[in-house]
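K.L.:
sequence first, then the predicted structure:
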Amino acid sequence: MNYPTFSYSAKVWLCSVFAAPAIYFIGAYLHQPVKTDPLVAFAEPYLIFSFFEMVCSIITLLVFWFLVGLIVWLVENNSLRKFLLSVTGIGLTVATFRIFSSVIGFSLSGNPLILMLINCGCIGIACWCFRPEPKIGPLTRINPWLYETETQK
């Protein structure tokens, strides 16, 4: 079976998981350059941040996948669809950071706030860069989670 909404959701999620820590560490290096090789200095923390983001946001990915399917199914206008997907992704990102900040007990100020804002930016931009499938015409209703038209059943 083909799962186009999962593919879209995973692309957006992975973009955030891997791009946000890279942007964060590039910014940190530009703000305070290290005396050693920056690749060596930031490689391990980058991998740790990426792994931590991946583990902590798996549930967010699943919720995003469900909401992407709903939005793709309900909204025909592609620009409105991408706008709603961006808002949804950003909202889920903020919610994930808020939940983990209260559970783990870290403050959402300083570096965690910067990382959250970078993640929100990555999600928002990725929602516009990738194409949410399927395109729904006015005469076709497609099950967005399985990509089978009702006439194929």
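P.N.:
Right, received. Where do you want to start?
K.L.:
every contact and neighbour count from this point should use C-alpha atoms.
P.N.:
Will do.
K.L.:
how near is Ala10 to Tyr24?
P.N.:
21 Å (Cα to Cα, to the nearest Å).
K.L.:
and those two? Which one has more around it.
P.N.:
Neighbour count, other Cα atoms under 10 Å: between Ala10 and Tyr24, Tyr24 has more, with 20 against 17.
K.L.:
isn't that one up against Leu117?
P.N.:
No: using Cα atoms under 8 Å, Tyr24 is not in contact with Leu117, being 9.9 Å away.
K.L.:
so what's the most centrally placed residue in the chain closest to, chain neighbours aside?
P.N.:
With distances taken as Cα atoms, centre = their mean, the residue of the chain nearest its centroid is Trp13 (3.3 Å). With sequence-adjacent residues excluded and distances taken as Cα to Cα, 6 or more residues apart in numbering, Trp13 is closest to Leu61, at 6.5 Å.
K.L.:
in the longest helix belonging to the chain, what's buried?
P.N.:
Longest helix in the chain by number of residues (criterion: DSSP state H): helix 4-31. Buried residues in helix 4-31, defined by neighbour count with 16 or more other Cα atoms under 10 Å: 4-6, 8-25.
K.L.:
try stretch 29-49
P.N.:
42, 46, 49.
K.L.:
hey, C-alpha coordinates of that stretch in CSV?
P.N.:
Listed next in CSV are the C-alpha coordinates belonging to stretch 29-49 (Å, rounded to 0.1, in the frame of the first residue of the first chain):
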residue,chain,number,x,y,z
TYR,A,29,29.8,28.6,16.3
LEU,A,30,29.3,32.0,14.7
HIS,A,31,28.4,33.5,18.0
GLN,A,32,31.3,31.9,19.9
PRO,A,33,33.9,30.3,17.7
VAL,A,34,35.7,27.3,19.2
LYS,A,35,39.5,26.9,19.1
THR,A,36,39.4,23.3,17.8
ASP,A,37,38.0,22.1,14.5
PRO,A,38,34.3,22.9,14.5
LEU,A,39,33.4,19.6,12.9
VAL,A,40,35.0,17.7,15.7
ALA,A,41,33.7,20.0,18.4
PHE,A,42,30.1,19.9,17.2
ALA,A,43,29.8,16.4,15.6
GLU,A,44,29.0,14.6,18.9
PRO,A,45,26.6,17.2,20.3
TYR,A,46,24.9,17.4,16.9
LEU,A,47,24.3,13.6,16.9
ILE,A,48,23.1,13.6,20.5
PHE,A,49,20.7,16.5,19.8
